[in-house]
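Colleague: Structure for this input, please:
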Amino acid sequence: MTDDPSTDPAAAPGRRLHIPIHLRWGDLDAFNHVNNASMLKILEEVRVRAFWRPAADEDAPPTAVLDSGIDAGVLTLIARQEIEYLRPVPYQRNALDVQLWFGKIGGSSIEVCYEVFSPISPVGQELYARASAVVVMVDAATGRPVRLTAEQRSAWGPYLGEPVVYAHRR
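Modeller: I've put the predicted structure just below:
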């Protein structure tokens, strides 16, 4: 997991996380490309890696400030999710380059934005899909939204950028 290498870490907001995700053979469907339901699981894995605090022996990006599990007291719930597929994702051994940033940081919610690219390569990359999800922080006991903390805002603020623009929206 790395920041966008073309951006100075001390620069203005708008950086992206690059989170490598390896495909599994089971992610493919009968047409030999990543199934749409598998894409949702890939984006879920990206969120977990981007947001959950690491164990003592794990690496994680600076955005990983959430405690995991129901005993943490706060849950992350998906309020809305949208994916625009630009081309089929074929099976490949090298990790996809999933880029993540925030389109909006609200009171109790965040808009998480993604672009799913082919593996990083000297010959360039293909953009397979773009997506966004609205994630709401909810009190585990009451089910009511809770305000984002100063720690969350501080960790996520440098990755605030323009939201996903869908090319084929009607």
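
Colleague: what bits of the chain have low per-residue confidence?
Modeller: Along the chain, segments meeting pLDDT under 70 span 1-13, 168-170.

Colleague: Do a quick rundown of the strands in it.
Modeller: Applying DSSP state E to the chain gives strands spanning 2-3, 17-21, 74-85, 96-105, 109-117, 127-139.

Colleague: Please name whichever of those is nearest to Glu58.
Modeller: strand 17-21 (13.5 Å; CB to CB). From N, CA and C alone the C-beta is placed, and that goes for glycine too.

Colleague: buried set for that closest one?
Modeller: By neighbour count on 16 or more other CB atoms under 10 Å, the buried set for strand 17-21 is 17-19, 21.

Colleague: Save the strands of the chain as CSV, and put in distance to Tyr159 too.
Modeller: Formatted as CSV, the strands of the chain follow (distance: least, CB to CB, whole Å):
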stretch, distance to Tyr159
strand 2-3, 9
strand 17-21, 7
strand 74-85, 16
strand 96-105, 5
strand 109-117, 9
strand 127-139, 14
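
Colleague: so which of those comes closest to Ser68?
Modeller: strand 74-85 (9.4 Å).

Colleague: elements contacting the closest one?
Modeller: Secondary-structure packing of strand 74-85 (3 or more CB pairs under 8 Å, 6 or more residues apart in numbering; DSSP states H and E): helix 36-51, strand 127-139.

Colleague: Give me the buried positions along the shortest one.
Modeller: Read that as strand 127-139. Applying 16+ other CB under 10 Å to strand 127-139 flags 128-138 as buried.

Colleague: next one: the first one
Modeller: Of the residues in helix 36-51, those buried by neighbour count under the rule 16+ other CB under 10 Å are 38-39, 42-43, 46-47, 49-51.

Colleague: Pull the contacting residues for Arg47.
Modeller: Contacts for Arg47 (CB atoms under 8 Å, 6 or more residues apart in numbering) come out as 76, 100, 112, 133, 135.

Colleague: what's next to stretch 20-36, contact-wise?
Modeller: 1, 38, 41-42, 45-46, 83, 85, 88-98.
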